[in-house]
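Trainee: sequence? don't have it. structure:
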C-alpha cells in the first residue's frame with residue numbers, strides 16, 4: 001500500500017509525485033490510495049442548473065428572511081428595554097435607598113475612611129522598603 005523498498009529504489013504507484021516532492025517530505029510520503037473511492041465523479045445528468053430567475057428568487061427570499069430577523073431582533077430589543085432593563089433600574093434604585101452606607105453616622109464614615117487610608121499608606125511603605133532592600137542587595 002505504501003510502496004516497497006527495493007534495491008532499485010522505492011516503487012510507488014504515484015512515483016511522479018514522489019520525485020517532484022521536496023527532499024524533506026519524501027520520508028513522510030504516504031500515498032492515499034483510498035481517496036478515489038471516497039470521491040464521486042461529476043454526473044451532469046444529476047446537476048441542478050440555477051437560472052437567473054431562480055437566483056433572483058433566492059436573493060429575494062434571503063432578503064425577506066433577513067428583514068424578518070431584523071424586525072424580530074428589534075422587537076426583542078424593545079421588550080428588553082421596556083421590561084427587563086426597566087425592572088433592573090427599579091431594583092437598583094430600591095437597593096440604593098436601602099444601602100447600608102446611607103444609615104451610617106458621619107463619624108463612623110470618617111473613621112472607616114481614615115482606617116482605609118492608613119492601611120493603604122502602610123502597604124505603600126512596606127512595598128517601598130522591600131524594593132529598597134532588593135536594590136541594596138543588588139548593589140552589594
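Mentor: Noted; the coordinates are in hand. If you're wondering where the values come from, they're calculated on a predicted model, not measured in any experiment.

Trainee: Low-confidence stretches in this structure?
Mentor: Scanning the chain for pLDDT under 70 picks out 1-19, 100-102, 140.

Trainee: Can you give me the domain assignment for it?
Mentor: Domain ranges of the chain: 4-39, 52-139, per automatic domain parsing.

Trainee: what about the longest one, how long is it end to end?
Mentor: Taking Cα to Cα, to the nearest Å, the first and last residues of domain 52-139 lie 82 Å apart.

Trainee: That one: how far from the chain's middle?
Mentor: Distance of domain 52-139 from the chain centroid (Cα atoms, centre = their mean, to the nearest Å) equals 21 Å.

Trainee: still on that earlier bit, would a markdown table of the domains of the chain with mean neighbour count and distance to residue 46 be doable?
Mentor: For the C-beta atoms, the positions are set from N, CA and C on the backbone; glycine is no exception. Formatted as a markdown table, the domains of the chain follow (neighbours: other Cβ atoms under 10 Å; distance: least, Cβ to Cβ, whole Å):
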| stretch | mean neighbour count | distance to residue 46 |
| --- | --- | --- |
| domain 4-39 | 10 | 15 |
| domain 52-139 | 10 | 17 |
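
Trainee: Give me the residues contacting stretch 96-107.
Mentor: residue 109 (Cβ atoms under 8 Å, 6 or more residues apart in numbering).

Trainee: Moving C-terminal from the one helix or strand residue 65 maps to, which element do we reach first?
Mentor: Using DSSP states H and E, residue 65 sits in helix 52-79. Once the chain leaves helix 52-79, the next helix or strand it forms, by DSSP H and E, is helix 86-97.

Trainee: Quick check: what element follows that next one along the chain?
Mentor: Following helix 86-97 in sequence, per DSSP H and E, is helix 106-139.

Trainee: With residue 122 as the reference, measure out to the residue nearest in space to the middle of the chain.
Mentor: Centroid-nearest residue in the chain: residue 73, 22.8 Å away (criterion: Cα atoms, centre = their mean). As defined by Cβ to Cβ, to the nearest Å, residue 73 lies at a distance of 53 Å from residue 122.
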